[in-house]
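K.L.:
how does the following fold in three dimensions:
(one chain, ligands or ions: 1)
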Amino acid sequence: MKPAPFDYHAPRALGEALDVLAEAGEHGKVLAGGQSLIPLMNMRLASPALLVDVNRIGGLDGIEAGPDGVRVGALARHAHLERSGAAAAVQPLLRRALRLVAHPVIRNRGTVVGSLVHADPAAELPAVLALLGGSVRLARRGGTREVAAGEFFTGPLESALLPGELAVSAFFPARPARTGTAFCEVSRRHGDYALAGVAALVRLDGDLCVAEARAACVGAGPVPLVVDVTAACGARAPRAADWAAAARAVRERAEPETDIHATADYRRHLTGVLAERALRDAAQDALREAAGG
Ligand SMILES: Cc1cc2nc3c(=O)[nH]c(=O)nc-3n(C[C@H](O)[C@H](O)[C@H](O)COP(=O)(O)OP(=O)(O)OC[C@H]3O[C@@H](n4cnc5c(N)ncnc54)[C@H](O)[C@@H]3O)c2cc1C
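P.N.:
Numbering: from 1, shown residues only. Prediction:
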């Protein structure tokens, strides 16, 4: 199919883009990698009157890895972040998750920030941002605001982005000391959206007992579902922690939907299995990190 007719603007400066978006209001849409928006337009599930193609704006493709975390610019592609050794050193979960996003061709073009704004509950990066407690920086004509992950995802394919705003970057906090992460998912074919997926984070205290354990689920509700399972698994050494109880706590909170690929019951079961696997893997990763890598 072909998209409905639309106007196209390709600004070369951020200020120009914000002016155009402000004028267009709810009729304007940002075009980044186009890997989600163009298929939606071709299927006429989206019909913006104006596309604002931000790909020619300089300075938006940066990846800054510092002691506090990784700031990813609006035009940084999935593949760019996946290959960044500096980003992987500061927050290893980014590379682990990105390897599960679509196929290499799509990762070459699709952007990290575009994936967050697209806010697909089946996507990996929104779950990562939610698990780590990251944020998205939104710019509009005359100002910027930083929105925490907990408030950014508001529904399936819905975010806190307002008409006239452009997401200029996202921030993923660094891995704290003695902390491990993992991402486990199941999809019917490699590169497909997952039937279910769980990102996990486990932090150990100075005695190498579990101090904090959290899981973030993909496809388990309208927005990324983050479950704190610290109490459920008990403040014990990773090999004695009750990961099965922690996984049950995750499964009970999951609210997946039935579609042509799988039933809600199957997805809920899978979420529990993957939660236990991801939490155990994250705990092992934390032990390795505590032992010095
Ligand atoms: C076959 C296929 C398989 C895929 N599989 C997966 C998968 O397994 N996991 C996964 O996570 N993703 C998957 N994707 C989606 C892919 O990751 C997209 O790249 C991503 O979701 C959107 O990024 P984009 O840069 O292409 O955004 P676009 O398609 O350009 O835009 C998507 C939406 O975000 C808005 N937007 C984008 N950037 C900004 C910005 N800076 N400011 C304001 N609004 C903005 C657009 O207006 C639009 O509404 C798949 C895509 C395809 C085609």
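
K.L.:
how about the residues of the stretch 1-150 of the chain by the ligand?
P.N.:
On the criterion Cβ under 6 Å from any ligand atom, the ligand has as its neighbours in the stretch 1-150 of the chain the residues 29-37, 39, 74, 101-102, 106, 110-111, 113-115, 117-118, 123-125. The way it works is simple: take the backbone N, C-alpha and C, and place the C-beta from them, glycine included.

K.L.:
how much space between the closest residue to the ligand within the stretch 151-293 of the chain and Lys29?
P.N.:
The ligand sits closest to Ala167 of the stretch 151-293 of the chain, with a gap of 3.6 Å, by Cβ to the nearest ligand atom. According to Cβ to Cβ, to the nearest Å, Ala167 and Lys29 sit 12 Å apart.

K.L.:
before we move on, what about Ala148?
P.N.:
Counting by Cβ to Cβ, the gap from Ala148 to Lys29 is 24 Å.

K.L.:
now do the residue in the stretch 101-250 of the chain that the ligand sits nearest to, the pLDDT please.
P.N.:
Using Cβ to the nearest ligand atom, Gly110 is the residue of the stretch 101-250 of the chain that sits closest to the ligand, at 2.0 Å. We have a pLDDT of 98 for Gly110.

K.L.:
go on, Gly293?
P.N.:
We note a pLDDT of 64 for Gly293 in this prediction.

K.L.:
give me the most central residue, this protein.
P.N.:
For the chain, the residue whose C-alpha lies nearest the mean C-alpha position (Cα atoms, centre = their mean) is Leu125; its distance is 1.6 Å.

K.L.:
so what's that residue closest to, chain neighbours aside?
P.N.:
Using Cβ to Cβ, 6 or more residues apart in numbering and skipping residues adjacent in sequence, the residue nearest Leu125 is Ser115, 4.6 Å away.

K.L.:
list the contacts of the one you found.
P.N.:
36, 78, 101, 123-126 (Cβ atoms under 8 Å, 6 or more residues apart in numbering).

K.L.:
go on, Ala290?
P.N.:
With contacts taken as Cβ under 8 Å, 6+ apart, Ala290 has the following neighbours: 177-178, 204, 208.

K.L.:
from those, which would you call buried?
P.N.:
With burial judged by 16 or more other Cβ atoms under 10 Å, the buried subset of these is 178, 204, 208.
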